[in-house]
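>>> Pasted the sequence and its predicted model underneath.
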Amino acid sequence: MAATSSHAPFFAGLLLGASLIIAIGAQNAFVLRQGLLQSHRFPVALFCAMSDAVLIAAGVGGLGAAVGQHPRLLAVVACAGALVLLWYGVQALRRAFHPEVLTPDTHLNTSTMWQVLATCAGFTWLNPHVYLDTVLLIGSLASPWPWPGPRVWFGVGAATSSFIWFFGLAYGARLLAPLFRKPMAWRVLDVLIALVMWGIAGKLLLSFLAP
């Protein structure tokens, strides 16, 4: 009976998590690029999924209400996140002017795993939208479920969607590898990444700093 009662909150959390995570964003664009390069895919996917799981657990556990009472904190994080996104957008645009090709025996990304994870951490933990989606939104929508059983299963479902998405994106990107053996494909991707980064940075600044 307990197993059956866990189905509804689990799938509710799974569907909610999927609806929030499947969108063009800085984190997804970064994971996609690492997947295409087949560079540090596992640690990147694991880091993103585990970060989501920690934030979702915090939201389901009640942190969302506390964070929502400190808008100035979110504004500070917004500024830091916007700077990270603006810089990565510049880097992406620079790559677009010097497009590369993907060959079977070479990887384009020469960064170490720790450098890659540091960049990934910036996209994850310095993006206020991550907190809005995982801590505040998922946390608030989890509150109608009774504590602890159903609410915990709701959080597990939401976290599961993150694991499925990030590992699917990191390892499924290889299906696009034939296309990215052409320099123009990398040029288009990097221009799109730059536009996405700058768009999100602008939205962050307008959302949190506008009077």
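Cool, the structure landed.
>>> Just want the most central residue of the chain.
Nearest to the mean C-alpha position of the chain, counting by CA atoms, centre = their mean, stands Q27 at 3.7 Å.
>>> In this structure that residue contacts F47, no?
No. Counting by CB atoms under 8 Å, no contact exists between Q27 and F47, whose distance comes to 10.1 Å. Using the backbone N, CA and C atoms, a C-beta is placed for each residue, glycine as well.
>>> Look up the residues that both of these two are in contact with.
Common contact partners of Q27 and F47 (CB atoms under 8 Å, 6 or more residues apart in numbering): C120, T124.
>>> what's the closest non-adjacent residue to the residue nearest to the centre of the chain?
Here the nearest residue to Q27 in space, its sequence neighbours aside, is F123; by CB to CB, 6 or more residues apart in numbering that works out to 4.6 Å.
>>> State the distance from the one you found to R33.
Relative to R33, F123 is positioned 11 Å away (CB to CB, to the nearest Å).
>>> Output the contacting helices and strands for the helix or strand hosting F47.
Of the helices and strands defined by DSSP states H and E, F47 is found in helix 41-60. With contacts defined as 3 or more CB pairs under 8 Å, 6 or more residues apart in numbering; DSSP states H and E, the secondary structure elements packing on helix 41-60 are helix 7-21, helix 26-37, helix 113-125, helix 128-130, helix 139-142, helix 149-172.
>>> rerun that using 7 Å as the cut-off
Judged by 3 or more CB pairs under 7 Å, 6 or more residues apart in numbering; DSSP states H and E, helix 41-60 is in contact with helix 26-37, helix 113-125, helix 139-142, helix 149-172.
>>> List the buried residues for it?
Of the residues in helix 41-60, 41, 44-45, 47-49, 51-53, 55-60 count as buried by neighbour count, 16 or more other CB atoms under 10 Å.
>>> From the residues you listed, pick the one nearest V196.
Using CB to CB, C48 is the member of these that sits closest to V196, with 16.2 Å.
>>> Skipping adjacent residues, who's closest to that closest one in space?
Among residues not flanking C48 along the chain, F166 sits closest, at 4.5 Å (CB to CB, 6+ apart).
>>> Tally up the residues packed near that neighbour, please.
F166 sits with 25 neighbouring residues when counted by other CB atoms under 10 Å.
>>> and F123 and R33? which has more neighbours close in?
Here F123 and R33 are set side by side on neighbour count (other CB under 10 Å), and the busier one is F123, at 24 against 21.
>>> Tell me how far the more buried one lies from V44.
Counting by CB to CB, the gap from F123 to V44 is 10 Å.
>>> Next: A92.
For A92, the distance to V44 - CB to CB - is 17 Å.
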